[in-house]
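Participant: Return a 3D structure for these sequence lines:
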Amino acid sequence: MGARYILALVLMIVVMIAWSLFLAPKPNEMPPTEQTPVASDTGETPIDPTTQATPDAPDAPISPDLWTAVEESPDDAMVNVRTDNYHIIFNEKLAIARQWRLSHFPDRSDPANAPLNLIPENALNCLALRFANSQLQLDALRATWKADKSEIDITNGQGKETLTFTTTIGEKLRVAKQFTFNPGTYFVDMAVTFQNISEEPLLMGGTEPVNGYELQWGRGINADLLPHEKRSGKRGRRVQEGAKAYIGEGKPERQLKSEQALATVLWAGMDSQYFSALMIPDPQLAATYKLTETPQANTLTDINVTAATDTASLVMPSFYLTSEQKERQSFRLYIGPKDDTILKGIEAPNTPESEESPVRLSKIIDFGFFWPIAWGMLWIFKGVHAVFGNYGISIILLTAFVKIVSYPFTRKAHNSMKKMQKLQPQLLELKEKYRDDPQKLNRATMRLYKENGVNPLGGCIPWLPQIPIFWALFALLGSAVELRGAPFLLWIDDLSAPDTLIELPFTIPLIFTQIDAIRLLPIINGLTTWLQQKFVGNMTPTTDNMQAKLMQFMPLIFIFIFYNWASGFVLYWLCNNVFTIAQQYIQNRSATDEEEVAVVDTRKRNNAKQK
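Facilitator: Okay, here's the model as predicted:
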């Protein structure tokens, strides 16, 4: 297989790197949306109090003196909620979530391995309400909330608990947010109750019937950085993250098409590499989706936050409340890992037991173009993991399976390369004869191949079945939460991250990577690439000096290319090299035995003729 074998590897790596550099979305690169100015630290896009009108006086401006928004302060009282799966900290005064830590998923960039917090420090809209009625919104910005509990702990087998925040807005509206926490789950039930406490009917909405109020989440979601990303200040390329909404068809989108703007959404929220924060409305509410992008300073330099300008909102239709009337609306919140097994069990709130209301949360998992293969691989990985308890063994067995399946192609390519090796003297003669006429050289070369039954692309045939495997594994390691933090053995403690044997006290910057630690797996992979050249490369001697020099440096180049790649992917490549060397050794021994048998048969025939 020779040089073509190595060049096939190089071509695949170049394509993957090119896709990562030029085609994959950048961490903070999102399609443009309508931007709104920022005027306060609350994270809201404020209404201009000097120009907005009230429902009672459409043309009357509101005095700026009447508008003083309540802001967060260090002295604010906090409400802590702990379950087996998460720890939430609410700001009582604002009735918003300030931290949402996942107990079973450590922050990989934190030396203390504290539980990962999905809410960024500057995200002040997580579970905030925003009213389309401008007067209500101005009053809501001045309102403070009160919680009925200061702490909830159901980590010791207790039953579900509730937490209720209440406030009065403008002496007209009483609002309650009630959260129900269920032990052993990642979802939280939320109910918002509105009561008109005035003597006049109250419009819960603005000028558009579809916009009554918004339930928001944002801005952004924490990025779940790897240690080397945090040290370098540069995030690796990932699939598109940020605000997402799903209407029941197609795939989740950050920005819905114009014809889908008023479509009822099944859910909306924020999406990151391995985790999501999703809000699921009661289907009877006919909620729509709104994306708000809020420009802010340090967005491009803050790598800790994914989609730092995005706020995803569920928009509920407007409605009237008569005097003393109550309206209760239900939601379900899922803030946790993008685990298909868990996501498939989540239903919309108020779903009757006799009915199914699929919200298809699994759609938030995106394995890219080769998703069918990726899902199949994940199913196999889980099955092997159930037996051996190690995803690294799953990768090794997958590599062996692929090599066994592709062995007929490999053997055919080996025979083709053997024939090409015998044709080398004739190819050199043709090259010398037609060195001034490339077209004639090409025709003569192809004619020689045809006459001798040689396929010039035979060396690449074994790689064709593996291309989808490479891409699918690449997607799995970047999106499957099952592989996040999955250890293999010894120093390889996370298959979705580069292996680290020793951290260096300094960083060596290179063109397309950087070295801040000693990573043994890429080095071993480079050595096996060199051995592979010794076993495979001699099959097709090259006459191109430049190509020969490139092949000599290829093992070293591979070390740097793979240096900061996920150790699971490098493990796959390393095993592929080892199995290829073994395969080639067996084929060489088989070919030698066949040649020896042929020589013996020839001698016997010659001896028979002499007699």
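Participant: Name the residues of stretch 258-275 that are buried.
Facilitator: 260, 263, 265-275 (16 or more other C-beta atoms under 10 Å). (C-beta placed from N, C-alpha, C; glycine too.)
Participant: Do I have it right that residue 263 meets residue 256?
Facilitator: Yes. Between residue 263 and residue 256 there is a contact under C-beta atoms under 8 Å: 6.8 Å.
Participant: Between the two ends of stretch 149-159, how far is it?
Facilitator: In stretch 149-159, first residue to last residue: 16 Å (C-alpha to C-alpha, to the nearest Å).
Participant: before we move on, back to that, need the worst-confidence member of the buried residues of stretch 258-275.
Facilitator: Lowest pLDDT among those: residue 260, with 85.
Participant: count of neighbours near the closest residue to it other than its chain neighbours?
Facilitator: Once flanking residues are discounted, residue 260 sits nearest to residue 247: 6.1 Å by C-beta to C-beta, 6 or more residues apart in numbering. Close neighbours of residue 247, defined as other C-beta atoms under 10 Å, add up to 18.
Participant: just use 18 as the starting number from now, easier for me
Facilitator: With the count now opening at 18, the last piece we talked about shows up as residue 264.
Participant: Looks to me like residue 280 is in a helix.
Facilitator: No. Using DSSP: H, G, I helix; E, B strand; the rest coil, the assignment for residue 280 is coil, not a helix.
Participant: so who does it touch?
Facilitator: By C-beta atoms under 8 Å, 6 or more residues apart in numbering, residue 280 lies in contact with 264, 273, 305, 306.
Participant: hang on, the earlier thing: which one of the buried residues of stretch 275-292 is nearest residue 439?
Facilitator: Nearest to residue 439, judged by C-beta to C-beta, of the buried residues of stretch 275-292 is residue 290 at 51.1 Å.
Participant: Would you tell me what helix or strand the closest one is located in?
Facilitator: Per DSSP states H and E: residue 290 is located in neither a helix nor a strand.
Participant: do the same with residue 417
Facilitator: Using DSSP H and E, the element containing residue 417 is helix 408-422.
Participant: any idea of the mean pLDDT for that helix?
Facilitator: Across helix 408-422, pLDDT averages out at 88.
Participant: what's that helix packed up against?
Facilitator: helix 388-405, helix 483-496, helix 584-627 (3 or more C-beta pairs under 8 Å, 6 or more residues apart in numbering; DSSP states H and E).
Participant: Compute the distance between residue 581 and residue 244, please.
Facilitator: 11 Å (C-beta to C-beta, to the nearest Å).
Participant: right, I mislabeled it, should have said residue 358
Facilitator: Counting by C-beta to C-beta - residue 358 and residue 244 are separated by 28 Å.
Participant: ok, those two, which is more surrounded?
Facilitator: Neighbours per residue (other C-beta under 10 Å) separate residue 358 from residue 244, with residue 244 holding more: 18 against 10.
Participant: Pull the contacting residues for the more buried one.
Facilitator: Per C-beta under 8 Å, 6+ apart, neighbours of residue 244: 125, 126, 514, 517.
Participant: And the pLDDT at it?
Facilitator: Residue 244 carries a pLDDT score of 83 in this model.
Participant: Go through the helices and strands packed on helix 408-422 and name the closest to residue 540.
Facilitator: Taking the helices and strands packed on helix 408-422 one by one with C-beta to C-beta, helix 584-627 is closest: 10.0 Å.
Participant: any idea how the protein splits into domains?
Facilitator: The chain resolves into domains spanning 19-35+389-423+482-618, 61-77+92-381 when parsed by automatic domain parsing.
Participant: what's the spacing between the shortest one and its chain's center?
Facilitator: Put plainly, it is domain 19-35+389-423+482-618. Put simply, domain 19-35+389-423+482-618 sits 22 Å off its chain's centre (C-alpha atoms, centre = their mean, to the nearest Å).
Participant: hang on, the earlier thing: report the contact partners of the residue nearest to residue 277.
Facilitator: Counting by C-beta under 8 Å, 6+ apart, residue 264 makes contact with 273, 277, 280, 281, 282, 283, 306.
Participant: Assign the first one to helix, strand or coil.
Facilitator: Spelled out, that is residue 273. Classification of residue 273 using three-state DSSP returns coil.
Participant: With residue 547 instead?
Facilitator: Taking three-state DSSP as the rule, one finds residue 547 in the helix state.
Participant: Same question for residue 308.
Facilitator: strand.
Participant: any idea whether the nearest residue to it once chain neighbours are set aside is helix, strand or coil?
Facilitator: Leaving aside its sequence neighbours, residue 308 sits nearest to residue 260 (C-beta to C-beta, 6+ apart; 5.2 Å). Using three-state DSSP, the secondary structure recorded for residue 260 is strand.
Participant: quick one, what contacts residue 260?
Facilitator: Going by C-beta under 8 Å, 6+ apart, residue 260 touches 235, 271, 285, 286, 287, 288, 308, 324, 327, 328, 329.
Participant: any low-confidence regions in this structure?
Facilitator: Per-residue confidence for the chain (pLDDT under 70) gives these ranges: 18-84, 253-256, 313-318, 370-374, 431, 472-480, 482, 553-566, 607-628.
Participant: redo that, cut-off 50
Facilitator: Along the chain, the model assigns pLDDT under 50 to residues 18-20, 22, 36-82, 314, 317, 558, 560.
Participant: Run through the bridge partners of the residue nearest to residue 308.
Facilitator: Beta-bridge partners for residue 260, by DSSP bridges, are residue 287.
Participant: where's it relative to residue 307, distance?
Facilitator: Separation of residue 260 from residue 307 (C-beta to C-beta): 10 Å.
Participant: can you give me the strands for the stretch 68-217 of the chain?
Facilitator: Applying DSSP state E, counting those that start in this stretch to the stretch 68-217 of the chain gives strands spanning 95-99, 103-108, 113-123, 132-134, 146-148, 163-164, 168-170, 178-186, 190-198, 204-213.
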